[in-house]
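Asks: A predicted structure for the sequence below; I have some questions about it.
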Amino acid sequence: MGIVEVAVEGRVATMTLNRPDVLNAFNTEVLQALLGELHTVGHRDDVGAVILTGSGEKAFAAGADIREMKEKTPTEARAFAELGQMVTSALERIPQPVIAAVNGFALGGGCEIALACDIRICSETARFGQPEINLGIIPGWGGSQRLVRLCGLGFARELIYTGRMVGAQEALEWGLANAVYPQAELMPKVREMAEVIASKSGIMIHYAKTCMNRALDQDLAGGLRLEADMFGLAFSTEDQTEGMEAFLAKRPALFKHR
Ligand code: COA
């Protein structure tokens, strides 16, 4: 078993963080492996959606590996933050949507990785948090930025200043989780959603993802211009012709992702 397991079924790739003994904590090796797998999957046009989850019953990921981190010099710690940020950026940049199936603890870097995914679905046992403050550090893989953007300043400040954990129901109320299911139903439900997404035009999903990612990075006028450009570009594809012809012929569209 690799440290990050990848299984492709139909048009859905499932990536499983595989260090259950340490609750799937991220060391350099895991970050590099995950980065490599995201790069590979990002170039596969036969994959239309990605699921990211943790092995075992207890954790999605309990954060950066504290044992490895403890001895780092400031320069090494900065490089470690940048490596984690390369992974979060890769999650946002690959063409396919990534669904985090949060099957337990998503703490520190685990929460930050989940925050960089397109959608978070969690089990009733999930616990989110940014407990870095308890270790005498701060979040380093985007927690201070993406938690603010997703849930607002007030909630982000409270979580990052107190280091407290948030249960599944509270995560749902704050929009941190999109949905909550009993543990046994988590993967079937996530897979169902991934298959729906993967059945759409992969090109249009990529365009939509690109536009929405940019929504938080630039002013409204710039975002609207990008949307209009991508909307125009959609009309250069076979999938646009197929989608509209299928609607008018009252039959399901069969997208070819081109
Ligand atoms: N880094 C390294 N090892 C970790 C880890 C992390 N982030 N999180 C858990 N582990 C290890 C534990 O050291 C333990 O190893 P051991 O069996 O060799 O002692 C093993 O995983 C199981 O964890 P344990 O703490 O015994 O489980 P628990 O059920 O009592 O507690 C947590 C679960 C998640 C509450 C607890 O492990 C925890 O607080 N982890 C750290 C979370 C954190 O601060 N993350 C942010 C890092 S920036």
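Replies: Nice, I can see it.

Asks: Residues of this structure that sit close to the ligand?
Replies: 22-23, 25, 62-67, 105, 107-109, 131-132, 135 (C-beta under 6 Å from any ligand atom). Quick note: C-beta positions are derived from backbone N, CA and C, even for glycine.

Asks: So which of these are in strands?
Replies: 105, 107 (DSSP state E).

Asks: between the residues of the chain next to the ligand, which is nearest T162?
Replies: P131 (9.1 Å; C-beta to C-beta).

Asks: The stretch 151-258 of the chain: helices as residue ranges?
Replies: Secondary structure of the stretch 151-258 of the chain, counting by DSSP state H, counting those that start in this stretch: helices at 153-162, 168-173, 183-199, 202-215, 220-234, 238-248.

Asks: for the stretch 1-150 of the chain, same thing?
Replies: Going by DSSP H, counting those that start in this stretch, the stretch 1-150 of the chain shows helices at 28-42, 66-70, 74-93, 109-116, 143-151.

Asks: quick one on the thing from earlier: can you put the helices of the stretch 151-258 of the chain in CSV and add mean pLDDT and mean neighbour count?
Replies: Output for these, formatted as CSV (pLDDT from 0 to 100; neighbours: other C-beta atoms under 10 Å):
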stretch, mean pLDDT, mean neighbour count
helix 153-162, 98, 15
helix 168-173, 98, 17
helix 183-199, 98, 17
helix 202-215, 96, 17
helix 220-234, 97, 13
helix 238-248, 98, 14
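
Asks: With respect to R11, which of these lies nearest?
Replies: Closest among the helices of the stretch 151-258 of the chain, using C-beta to C-beta: helix 183-199, at 3.8 Å.

Asks: who's in contact with the closest one?
Replies: For helix 183-199, the external contacting residues (C-beta atoms under 8 Å, 6 or more residues apart in numbering) are 10-12, 14, 47-51, 53, 57, 97, 99, 101, 103, 119, 121-125, 179, 181, 205, 255.

Asks: buried subset of those?
Replies: Among the contacts of helix 183-199, those classed as buried by 16 or more other C-beta atoms under 10 Å are 11-12, 14, 47-51, 53, 97, 99, 101, 103, 119, 121-123, 125, 181, 205, 255.

Asks: from those residues, which ones fall inside strands?
Replies: When those are checked against strands using DSSP E, the ones located there are 12, 14, 49-51, 53, 99, 101, 119, 121-123, 181.

Asks: Let me have those in a markdown table, adding pLDDT and distance to A90 as columns.
Replies: Listed next are these as a markdown table, based on pLDDT from 0 to 100; distance: C-beta to C-beta, whole Å:
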| residue | pLDDT | distance to A90 |
| --- | --- | --- |
| V12 | 98 | 18 |
| T14 | 98 | 17 |
| A49 | 98 | 16 |
| V50 | 98 | 11 |
| I51 | 99 | 15 |
| T53 | 98 | 17 |
| I99 | 99 | 15 |
| A101 | 99 | 18 |
| I119 | 98 | 16 |
| I121 | 98 | 20 |
| C122 | 98 | 22 |
| S123 | 98 | 25 |
| Y181 | 98 | 27 |
